[in-house]
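[1] Predicted model follows, preceded by the sequence.
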Amino acid sequence: MSRIQISSRQEGFTLAALLVILTIISIIVAYTVPAQWSLVMKRDRDRQTIFYMKQYARAVLEWQTKHANTSPISLDQLQEARKPRLLRGVKKWPCPLTGSDEDWILVPPQAVMPAGVTPPLPNQPPPQPGMPGQPTKLNKELSPKDYVGVFVAVRPNASGKSFIALKGAEDYSEWVYTIDDLRAEIAARQAALSPPVQ
């Protein structure tokens, strides 16, 4: 009889120890997983924003090809363009950073400069856009939030440190992906696919 009582005491102790260990593990998981999951979601939101910026650049480039090298002046023009449809899906894509389709800022050609060029001084004329196929950088002062007119890219209406760097820019307010960036990406892909010249 004493053997049965000893083993049930040991079983009760094992069960209590198991409950304590599971409680400790769940507390650790409760504090670490949400933070990691939040980081994953923020990076995914950044990737989605970059994807939309690239799609808008592609639509602007197609617009220029279709309309004798002229640029559109509004996002509505891109949406309403038919045969082929330049933007597919919803009326306008919402900015993943803000959740609103009204939060895209149009980037005029004069706000884009070749990468490595410093912004102009206040009394100097703005730099000319980069050569096609050359990486570009944004001059934020020349791309205000209320800009209306010819544009070569869109950028998010957000600021703060991003979780993904876009062309070296680690702040949302410095993000830009223009038609020249798209041309450079297409040229790089074509060069990688073409056989080497011998």
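    Cool, got the structure.
[2] For this protein, just list every one of the strands.
    104-107, 112-114, 136-138, 153-156, 161-166, 169-171 (DSSP state E).
[3] can you put the ones you listed in CSV and add mean neighbour count?
    The way it works is simple: take the backbone N, C-alpha and C, and place the C-beta from them, glycine included. Shown next, in CSV, are the strands of the chain (neighbours: other CB atoms under 10 Å):
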stretch, mean neighbour count
strand 104-107, 24
strand 112-114, 21
strand 136-138, 22
strand 153-156, 26
strand 161-166, 16
strand 169-171, 14
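[4] Now render these as CSV, adding distance to Arg183 and mean pLDDT.
    Putting these into CSV (distance: least, CB to CB, whole Å; pLDDT from 0 to 100) gives the following:
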stretch, distance to Arg183, mean pLDDT
strand 104-107, 15, 90
strand 112-114, 13, 78
strand 136-138, 10, 77
strand 153-156, 12, 90
strand 161-166, 17, 88
strand 169-171, 19, 87
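[5] what about this protein, any weak spots by pLDDT?
    Applying pLDDT under 70 to the chain flags residues 1-12, 82-91, 115-135, 197-198.
[6] Now the residue positioned nearest the centre of it. Nearest residue, chain neighbours left out?
    Taking CA atoms, centre = their mean, the centroid of the chain lies closest to Ile50, which sits 2.6 Å from it. Leaving out its chain neighbours, the residue that sits closest to Ile50 by CB to CB, 6 or more residues apart in numbering is Leu166, at 5.8 Å.
[7] and Ala153, what is it in contact with?
    Going by CB atoms under 8 Å, 6 or more residues apart in numbering, Ala153 touches Met53, Tyr56, Ala57, Val60, Leu106, Val107, Val112, Val176, Tyr177, Thr178, Ile179, Asp181.
[8] What sits closest to the last one if chain neighbours are left out?
    Setting aside the residues directly before and after it, Asp181 is nearest to Thr136 in space (CB to CB, 6+ apart), at 5.7 Å.
[9] pretty sure that neighbour is touching Pro109, no?
    No: applying CB atoms under 8 Å as the test, Thr136 and Pro109 come out as separate, 10.2 Å apart.
[10] what pairs with the residue nearest to Ile50 across the strands?
    Ala169 (DSSP bridges).
[11] Distance of the residue nearest to the centre of the chain relative to Ala184?
    15 Å (CB to CB, to the nearest Å).
[12] which parts of stretch 137-156 are buried?
    By neighbour count on 16 or more other CB atoms under 10 Å, the buried set for stretch 137-156 is Lys137, Leu138, Asn139, Lys140, Leu142, Ser143, Phe151, Val152, Ala153, Val154, Arg155, Pro156.
[13] Let's have the strands of the chain in CSV, adding distance to Pro195.
    Formatted as CSV, those follow (distance: least, CB to CB, whole Å):
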stretch, distance to Pro195
strand 104-107, 36
strand 112-114, 30
strand 136-138, 29
strand 153-156, 33
strand 161-166, 31
strand 169-171, 34
